[in-house]
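Peer 1: structure for the following, please:
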Amino acid sequence: MSQPPSAARATACSVGVIMERLTLTGPWGGESWSAKGVVCDGSAPGTPARVIVKGEGLTQILFPGLEISLTRQEAEGYFLNLSSPEPKIFVMWRLHDNVARPELLTVSYHEGARWMDNEENVDCVPLPGELRPWLAQYAAENYQPEPKKPKRYASNKDKGRMGHF
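Peer 2: Numbering: from 1, shown residues only. Just a heads-up that it's a prediction; the model follows:
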């Protein structure tokens, strides 16, 4: 596995996603897919997936060579993610030939929420500790909270407009 991005200005990080397939038992049978984790990975894009766990009713597949990219437009979403009790990576995946393949990754709450609003298959997995400093530095450099607006109080001139009849 590769090391997390160390360059101060790095805006992308190479990772691998672990997808898990569970065979469902019961009258309807079938299978269930979900993202189980993300690991730092230096594999080139297009590196083939490989099975890392195979057991009765359980298969885990590592999809290497995926990328998390950071953009200034999503800096607030990164900040919100980091300020949560458990920062996450949002993994959007789709079925291809009956195999769930991760398509896109983000660490922005806003972008992850947009994917969910569009009814995509999205799973949240814990943000690896190695990636937190990288994301925190980017958010600190690119996100400025809006200043609080001063409170406005009703004045005597507003009589009749504030619900008084």
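Peer 1: distance between stretch 131-150 and the chain's centre?
Peer 2: Stretch 131-150 sits 17 Å away from the centroid of its parent chain (Cα atoms, centre = their mean, to the nearest Å).
Peer 1: contacts for it?
Peer 2: Where contact means Cβ atoms under 8 Å, 6 or more residues apart in numbering, the residues beyond stretch 131-150 that reach it are 4-6, 8, 10-11, 13, 40, 68, 70, 72, 75-76, 78-79, 81-82, 87, 107, 127. Heads up, the C-betas are built off the backbone N, CA and C, glycines and all.
Peer 1: can you pull the buried residues of that stretch?
Peer 2: Within stretch 131-150, the residues that count as buried by 16 or more other Cβ atoms under 10 Å are 131, 134, 135, 138, 139, 142, 143.
Peer 1: give the buried residues for stretch 32-50.
Peer 2: For stretch 32-50, the neighbour count (16+ other Cβ under 10 Å) marks 33, 35, 37, 38, 40, 41, 43, 47, 49 as buried.
Peer 1: hmm, which two among those residues are most spread apart?
Peer 2: Maximum pairwise distance in the buried residues of stretch 32-50, criterion Cβ to Cβ, is 22.8 Å, between 33 and 40.
Peer 1: the helices in this structure, which residues?
Peer 2: 75-82, 109-117, 132-142 (DSSP state H).
Peer 1: including distance to residue 63, could those helices go into TSV?
Peer 2: Below are the helices of the chain laid out as TSV (distance: least, Cβ to Cβ, whole Å):
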stretch	distance to residue 63
helix 75-82	22
helix 109-117	17
helix 132-142	21
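Peer 1: of all the ones you listed, which one comes closest to residue 64?
Peer 2: helix 132-142 (18.7 Å).
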